[in-house]
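Trainee: coordinates for the following, if possible.
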Amino acid sequence: MSVENFKPTLWEGGLLANFHSVSIAHLMSTPPTEIKGNKVKFNRVGAGTLKDYEGKVDWDDVNTDPIEMTFDKKKYFAFSIDDVDKAQLKGDVMKPTLQEHGSILAEAYDSNFFAVLAAGAKASNIIGSKSSKITVTPKQAYDMIVDLGTKLSKNKVPKANRFVTVDSEYLGLLAKDDRFTKNPNVLANGIVEGQKINGLQVMSSEELPTGQIIAHHKSAIGSAKQLEETEAMRLQGSFADGIRGLCVFGSKVLRTEAIAVLNYTLEQPGA
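Mentor: Presented below is the predicted three-dimensional model:
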């Protein structure tokens, strides 16, 4: 057994590939323009202007507002394996190990993403509150999402790249509404295939804050991640090798007006 031929890029690439196949957050957020160390930068483009033409043209500079974020979440993985060399060559252990750890990383990343997103909505875009939740009946489930889309429209949020995320229980209620599909197909990355409500692409995730549905535009939030210090070592007192790595990540609200939140509770049967 030896760690001399350990290939960190092989393990990191496999981990990130599996992460991207199941993470929902990275599909619905603005990517960073720059990452330096633990600092991340996102560019927010300012609003354009139109002027009355009176025979003369005045030129405006494109206004970009750089927004910085510091990676505030750190998660590590560390596991032992009989032989790093054999794992890299055969893949029978390496592949499922990376799938499992990629999924766990995606859960942590998405959970943080939704918590930041929900907390960033401006007050007038929030329906109900954590202390006074809206009781939603099966007949109202679809209409409440329509209302979230209307909140975004009233704020002149662009029509493309709008999303609404629900959990599996709420998705089940939508499936009982004739305006929605009876058999929703949820892809591995959370997209509910072919389903939009009031211009919102329906997504499904179990990483949402409890009792909340979130509608947002892709420009509303930036998110980023970085794998650091993936390394292998011979374990003391064991006939095995060890692999460990550190992942840093975080999310940052960029446009509060492009987020709408429903605080809800479901009507109980017989109520």
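
Trainee: just give me the longest helix of this structure.
Mentor: The residue-count maximum for a helix in the chain (DSSP state H) belongs to helix 94-119.

Trainee: quick one: strands adjacent to the next helix-or-strand element following that one?
Mentor: Using DSSP states H and E, the helix or strand that follows helix 94-119 in sequence is strand 126-127. Within its sheet, and counting by DSSP bridges, strand 126-127 is paired with strand 259-266 (parallel).

Trainee: identify the residues contacting the strand it pairs with?
Mentor: Contacts with strand 259-266, where a contact means C-beta atoms under 8 Å, 6 or more residues apart in numbering, come from 117-118, 120-122, 125-130, 132-136, 144-145, 147-149, 151-152, 169-170, 173, 211-217, 220-221, 253. Glycine gets a C-beta too; all of them are placed from N, C-alpha and C.

Trainee: what about 7 Å?
Mentor: Counting contacts by C-beta atoms under 7 Å, 6 or more residues apart in numbering, the residues outside strand 259-266 that touch it are 117-118, 120-121, 125-130, 133-136, 144, 148, 151-152, 211-216, 220.

Trainee: hang on, the earlier thing: quick one, the longest helix of the chain and strand 259-266 angle?
Mentor: Here helix 94-119 runs at an angle of 100 degrees relative to strand 259-266 (axes from the mean of the first three to the mean of the last three C-alpha atoms, to 10 degrees).

Trainee: remind me what helix 94-119 packs against, helices and strands.
Mentor: Counting contacts by 3 or more C-beta pairs under 7 Å, 6 or more residues apart in numbering; DSSP states H and E, helix 94-119 is packed against helix 8-22, strand 73-81, strand 212-217, strand 221-234, strand 241-253.

Trainee: go again using 10 Å as the cut-off
Mentor: The contact analysis (3 or more C-beta pairs under 10 Å, 6 or more residues apart in numbering; DSSP states H and E) places helix 94-119 against helix 8-22, strand 73-81, helix 84-90, strand 162-166, strand 212-217, strand 221-234, strand 241-253, strand 259-266.

Trainee: quick one, that helix and helix 8-22 angle?
Mentor: With the same axes, to 10 degrees applied, the angle from helix 94-119 to helix 8-22 works out at 50 degrees.

Trainee: buried sites along helix 94-119?
Mentor: Applying a neighbour-count criterion of 16 or more other C-beta atoms under 10 Å, one finds 94, 97-99, 101-102, 105-106, 108-114, 116-118 buried in helix 94-119.
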